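Participant: no sequence on this one, just coordinates:
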DNA sequence: CTCCCGATTA
DNA sequence: TAATCGGGAG
């Protein structure tokens, strides 16, 4: 779910949110990092001869402290309130009314956004929803017309999965309402399942896509390679922390809007926000910040 | 883990 | 020409 306000120079890349001078965090560049990507210590199990090694395989990733969580959360929510863009697949209506309709819209938009920039997707999305306003409508379609509507987007296998998924959902009788249940649907993986479950069905599940990886790694000055499964696991965990105990956040109480805003802010956060957030980054991880984060990087 | 899809860039 | 990007399938 890419909601950037800026035009997107490339497809399929979270770099487009970060400006021209964006460069991925170089591996092993963190001076404080004791062991990062290339440490081939595959002896993670049972063998812990070195006492410094046994604590954490990724030393420069630490959990958010409660106060960090509060700061980051309120900044994200403030950003969302002030800057978020209204997009056709995200209606600002009250959530009680038609969450399955919203889930379907999020589903369609997410699949399209996996491969195509926002500006292009909007047109495809509107036409798609006009033709097949609900899962039930889509489930009644056949592959030829789906491909026809999809023409120009590429990745036709994803369109086919979307159709097969819709058929399965309709045959199943009720829309899966949890991330775990959604995972069973064709074409819905960890990310899309989390996005639908949290945005449409109010489940507090973490969601990690390319943009979230970038946000979290910047906020925490993480130098570990996101391609490493251990790093990804940690980033998922970071996001989970941001969602936990929402009732102690700056907003009055837990509600759908808050969860939704947090997820969307994380997913959509443009580079501009990261500049404005630098001041509290310096409180969050001052040492790392000084060493790794420089304004022109954004 | 590897492979996949396509536009875009190096 | 080859690498890159990302979410999902196998």
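Facilitator: Looks like it came in fine. From a predicted model like this one, the values you see are computed outputs, not experimental measurements. Numbering: from 1, shown residues only, chains lettered A, B, ... in the order given.

Participant: Lowest average confidence across helices and strands of chain A, where is it?
Facilitator: Of the helices and strands making up chain A, the lowest-confidence element is helix A:286-292, at a mean of 37, by mean pLDDT, DSSP states H and E.

Participant: tell me the SS of the residue in chain A that DNA strand B sits nearest to?
Facilitator: Closest contact between chain A and DNA strand B, by Cβ to the nearest atom of the strand, is at residue A:154 (2.9 Å). (C-beta placed from N, C-alpha, C; glycine too.) Here residue A:154 is recorded as coil under DSSP: H, G, I helix; E, B strand; the rest coil.

Participant: so who does it touch?
Facilitator: A:115, A:116 (Cβ atoms under 8 Å, 6 or more residues apart in numbering).

Participant: Would you mind measuring from it to residue A:120?
Facilitator: 11 Å (Cβ to Cβ, to the nearest Å).

Participant: who touches the residue in the stretch 51-200 of chain A that DNA strand C sits nearest to in this structure?
Facilitator: Among the residues of the stretch 51-200 of chain A, residue A:189 lies closest to DNA strand C, at 2.3 Å counting by Cβ to the nearest atom of the strand. Residues counted as contacts of residue A:189 (Cβ under 8 Å, 6+ apart) are residue A:183.

Participant: Okay, it and residue A:118: tell me how far apart.
Facilitator: Residue A:189 is 20 Å from residue A:118, by Cβ to Cβ.

Participant: Residue A:174 in helix, strand or coil?
Facilitator: coil.

Participant: Residues of the stretch 51-200 of chain A that sit close to DNA strand B?
Facilitator: Residues of the stretch 51-200 of chain A that fall close to DNA strand B, judged by Cβ under 7 Å from any atom of the strand: A:115, A:154, A:155, A:156, A:157.

Participant: same thing but 10 Å
Facilitator: A:114-117, A:120, A:147, A:150-159 (Cβ under 10 Å from any atom of the strand).

Participant: from these, which two are the most distant?
Facilitator: Taking Cβ to Cβ as the measure, these span a maximum distance of 20.8 Å, between A:117 and A:147.

Participant: more neighbours, those two?
Facilitator: residue A:117 (19 against 14; other Cβ atoms under 10 Å).

Participant: Below-threshold pLDDT in the stretch 101-250 of chain A: ranges please.
Facilitator: A:245-250 (pLDDT under 70).

Participant: residue ranges of the helices in it, please?
Facilitator: Ranges of helices in the stretch 101-250 of chain A, per DSSP state H, counting those that start in this stretch, are A:118-131, A:135-139, A:143-150, A:156-172, A:179-182, A:190-201, A:210-219, A:229-243.

Participant: per the record, what domains does chain A have?
Facilitator: When chain A is parsed with the TED database, its domains come out as A:62-84+A:206-243+A:253-285, A:96-201.

Participant: how near is the residue of the stretch 51-200 of chain A closest to DNA strand C to residue A:102?
Facilitator: To residue A:102, residue A:189 is 19 Å away according to Cβ to Cβ.

Participant: Check residue A:164 too.
Facilitator: From residue A:164 to residue A:102 the distance is 21 Å (Cβ to Cβ).

Participant: Which of these two has more residues huddled nearby?
Facilitator: In this view residue A:164 and residue A:102 are compared by other Cβ under 10 Å, and residue A:102 has more residues nearby, 20 against 16.

Participant: Look up the closest residue to the more buried one, ignoring the ones flanking it.
Facilitator: In space, and not counting its chain neighbours, residue A:102 is closest to residue A:200: 4.4 Å by Cβ to Cβ, 6 or more residues apart in numbering.

Participant: Run a quick neighbour tally on that neighbour.
Facilitator: Residue A:200 has 25 nearby residues by other Cβ under 10 Å.

Participant: same thing with the one 5 residues further on?
Facilitator: Neighbours of residue A:205 under the rule other Cβ under 10 Å: 22.

Participant: ditto for residue A:77
Facilitator: 18.

Participant: And the helix or strand that contains it, what does it pack against?
Facilitator: Element membership for residue A:77 (DSSP states H and E) is helix A:66-83. Applying 3 or more Cβ pairs under 8 Å, 6 or more residues apart in numbering; DSSP states H and E, we find helix A:66-83 packed against helix A:229-243, helix A:256-268, helix A:271-276, helix A:278-284.
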